[in-house]
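J.: missing the sequence, but the structure's below:
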Ligand SMILES: Nc1nc2c(ncn2[C@@H]2O[C@H](COP(=O)(O)OP(=O)(O)OP(=O)(O)O)[C@@H](O)[C@H]2O)c(=O)[nH]1
């Protein structure tokens, strides 16, 4: 689970609302304080935390609640909504469109933010949903960038375009987009160069590539380890190209993730996905309510259903149901079901969509179940060979 530390801190603070014998002003104050400290330890900006604190306080008048209202649920709901506001700028991101022209998406960000890896994760995400997706490498700055994209794309089975000899990123981007447009691809992803710092050369190159390919969306990829400094970085990129969405990476490894997410939201940029690991399936759609719900251990059933629908072959399921009615369930059926569950992503991620599952799965249990799933996976691999 991403931001596990912040999650357990927030859960503990909220559980005091259920556990206190008398829910009075003092108990509420202590809960708000605990939540604020937890957020600040996750590098959320002090001003944002202060604003959230005031908003919560102004909505909870514990001594004058209308009759019939469940005090504890009322308090929890207010806290939940305010936490959602911290990571939700309320701006709609670009939606892919099925039409004659392709959806061109340009990726920008600093070097090492995870751009190239994220391009592949993004491409795979849409390819799994049935879109015809291709990748263009317009990064001529970093030696080995094309090789990396080529390797990733080959592994993920995504067509790609790039060159070992061409040094003009604008030419490469234009040619790649033209080739895939002619070949009727529906989503063309252009990976651009990064630099160590936000510097003029990077921004100029970005603007030129953007002019050449006229993207429908510009995705800014940002490493969560920079915490609240994300606000300045996102604002700097936004001021030079029309950033339409943000992907925050490496949320698996950094305690400052909360700071990064809230800082991006503060620039009114919608976060569309988060990166939660180096593997291509460690990539999640970002939905503020679902994210906060999972952080607080409330789960997110709609997302679980969506994931199941993505990997399910409905016709096959109907057949299995018919077979089950007749009492037939073969080892092949069982293997297919295990495979389907594994295609839904890491088990720990799935469990976080189930309300209260965090209580059932301690850290040891998490590791054990991933190991068990790996065993099944290995066994399945053997079977295939
Ligand atoms: N833990 C973790 N590692 C990630 C994630 N996303 C990317 N990485 C790793 O971060 C490192 C840098 O990723 P790249 O994709 O090469 O970064 P980049 O931004 O394309 O770098 P340039 O092409 O040099 O601009 C690699 O080791 C990736 O495996 C993530 O969500 N979690």
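T.: That came through fine. Just so you know, these numbers come straight off a predicted model, no measurement behind them.
J.: look up how far the ligand lies from residue 61.
T.: Residue 61 is 42 Å from the ligand, where distance means Cβ to the nearest ligand atom, to the nearest Å. (C-beta placed from N, C-alpha, C; glycine too.)
J.: what sits against that residue?
T.: Contacts here follow Cβ atoms under 8 Å, 6 or more residues apart in numbering; on that basis residue 61 touches nothing.
J.: against residue 78, how distant is it?
T.: 11 Å (Cβ to Cβ, to the nearest Å).
J.: please apply the same query to residue 230.
T.: Counting by Cβ to Cβ - residue 230 and residue 78 are separated by 27 Å.
J.: tell me which of these two has more neighbours.
T.: residue 230 (30 against 17; other Cβ atoms under 10 Å).
J.: check which helix or strand covers that one.
T.: Using DSSP states H and E, residue 230 sits in helix 230-240.
J.: would you mark the buried spots in that helix?
T.: For helix 230-240, a neighbour-count test (16 or more other Cβ atoms under 10 Å) marks 230, 231, 233, 234, 235, 237, 238, 240 as buried.
J.: repeat that for stretch 262-272.
T.: The neighbour-count check on stretch 262-272 (16+ other Cβ under 10 Å) flags 262, 263, 264, 265, 266, 267, 269, 270, 271, 272 as buried.
J.: those residues into CSV, with extra columns for secondary structure and pLDDT?
T.: Below are the buried residues of stretch 262-272 laid out as CSV (DSSP: H, G, I helix; E, B strand; the rest coil; pLDDT from 0 to 100):
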residue, secondary structure, pLDDT
262, helix, 88
263, helix, 87
264, helix, 87
265, helix, 85
266, coil, 84
267, coil, 86
269, coil, 87
270, coil, 92
271, strand, 93
272, strand, 95
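J.: reformat the residues you listed as CSV; add distance to the ligand.
T.: CSV is the format used below for these (distance: Cβ to the nearest ligand atom, whole Å):
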residue, distance to the ligand
262, 18
263, 17
264, 15
265, 19
266, 22
267, 20
269, 18
270, 18
271, 13
272, 14
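J.: quick one, what contacts the nearest residue to residue 157 once chain neighbours are set aside?
T.: In this structure, residue 157 finds its nearest non-sequential neighbour in residue 127, 7.6 Å apart by Cβ to Cβ, 6 or more residues apart in numbering. By Cβ under 8 Å, 6+ apart, the contact set of residue 127 is 133, 156, 157, 158.
J.: just the buried ones among these, please.
T.: Judged by 16+ other Cβ under 10 Å, buried ones among these: 133, 156, 158.
J.: so the second one makes contact with residue 120?
T.: To tie it back to what came earlier, the one meant is residue 156. Yes: at 5.2 Å, residue 156 and residue 120 qualify as touching, with contact defined as Cβ atoms under 8 Å.
J.: what is in contact with these two at once?
T.: residue 280.
J.: which residues of the stretch 1-150 of the chain fall in helices?
T.: Assigned by DSSP state H, counting those that start in this stretch, the helices in the stretch 1-150 of the chain fall at 4-19, 25-41, 46-59, 71-87, 115-128, 145-156.
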